[in-house]
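**Q** Provided below are the primary sequence and the corresponding predicted coordinates.
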Amino acid sequence: MAHNHPLLALDVGEKRIGVAQADTAVRIAVARGTIAVDGTELDQLRNIINSERPKVIVVGYPRNQSGQPTAQTAFVEAFVARLGDVGMPVVYQDESLTSVHAETLLKQQKKPFSKGDIDALAASLILQDYLEQTYGRV
């Protein structure tokens, strides 16, 4: 029987970090909300990590349309370096167009939504992609 491992995903931005979680048994990523980038983001993130104890942290890895790193890529790498030793693996997952896809999905619901909603849903899309690539489709 497969072990169930909790996973956490981050969509790192300069103003907000979208957060999503899943586990390897159910394999459905769920948006958890956002953390404001206000100087307390690392502490907030460590609190989530301490309470959820994820086996892996999946971080969205931005690239431009030709697959090259961007200024945002460097920002994300610097953030992960600041995250430091959280005691679990941090893996990058290509996040190409996840924010665009998230905004499209939210618009289809025909309800008001915020940029934070986009970031949280983008994190869940990043995590869903990781789950499907790593563990296969549900």
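**A** Sure thing, it's come through. Residues are numbered from 1 along each chain as shown.

**Q** use CA for all of it now, contacts and neighbours both
**A** Fine.

**Q** neighbouring contacts of the longest helix anywhere in the chain?
**A** If you go by DSSP state H, the chain has its longest helix at helix 115-135. Helix 115-135 has contacts (CA atoms under 8 Å, 6 or more residues apart in numbering) with 8-11, 16-22, 24, 27-34, 58-60, 93-95, 98-99, 101-103, 106, 137-138.

**Q** quick one: mark the members of those that sit in helices.
**A** Of those, the ones assigned to helices by DSSP H are 98-99, 101-103, 106.

**Q** what's the distance between residue 130 and residue 115?
**A** 23 Å (CA to CA, to the nearest Å).

**Q** cool, and residue 87?
**A** Computed as CA to CA, the residue 87 to residue 115 distance reads 30 Å.

**Q** what ranges do the strands span in the chain?
**A** Using DSSP state E, the strands found in the chain span residues 6-12, 16-23, 30-36, 56-61, 90-94.

**Q** how about the second one: buried residues?
**A** Of the residues in strand 16-23, those buried under the neighbour-count criterion (16 or more other CA atoms under 10 Å) are 16-23.

**Q** out of the strands of the chain, which one sits most buried?
**A** strand 6-12 (a mean of 27; mean count of other CA atoms under 10 Å).

**Q** related to what we said a few turns ago, among the ones in helices among the contacts of helix 115-135, which ones are buried?
**A** Here, 16+ other CA under 10 Å leaves 98-99, 102-103, 106 buried among the ones in helices among the contacts of helix 115-135.

**Q** of all these, which two lie farthest apart?
**A** 98 and 106 (12.1 Å; CA to CA).

**Q** next one, pLDDT for residue 97 please.
**A** Here, the pLDDT recorded for residue 97 equals 81.

**Q** next, count neighbours for it.
**A** 16 (other CA atoms under 10 Å).

**Q** ok, residue 37 - contacts?
**A** Contact analysis of residue 37 by CA under 8 Å, 6+ apart lists 13-17.

**Q** mind putting those into JSON lines with pLDDT and distance to residue 126?
**A** Shown next, in JSON lines, are the contacts of residue 37 (pLDDT from 0 to 100; distance: CA to CA, whole Å):
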{"residue": "13", "pLDDT": "94", "distance to residue 126": "14"}
{"residue": "14", "pLDDT": "93", "distance to residue 126": "17"}
{"residue": "15", "pLDDT": "95", "distance to residue 126": "18"}
{"residue": "16", "pLDDT": "96", "distance to residue 126": "16"}
{"residue": "17", "pLDDT": "97", "distance to residue 126": "13"}
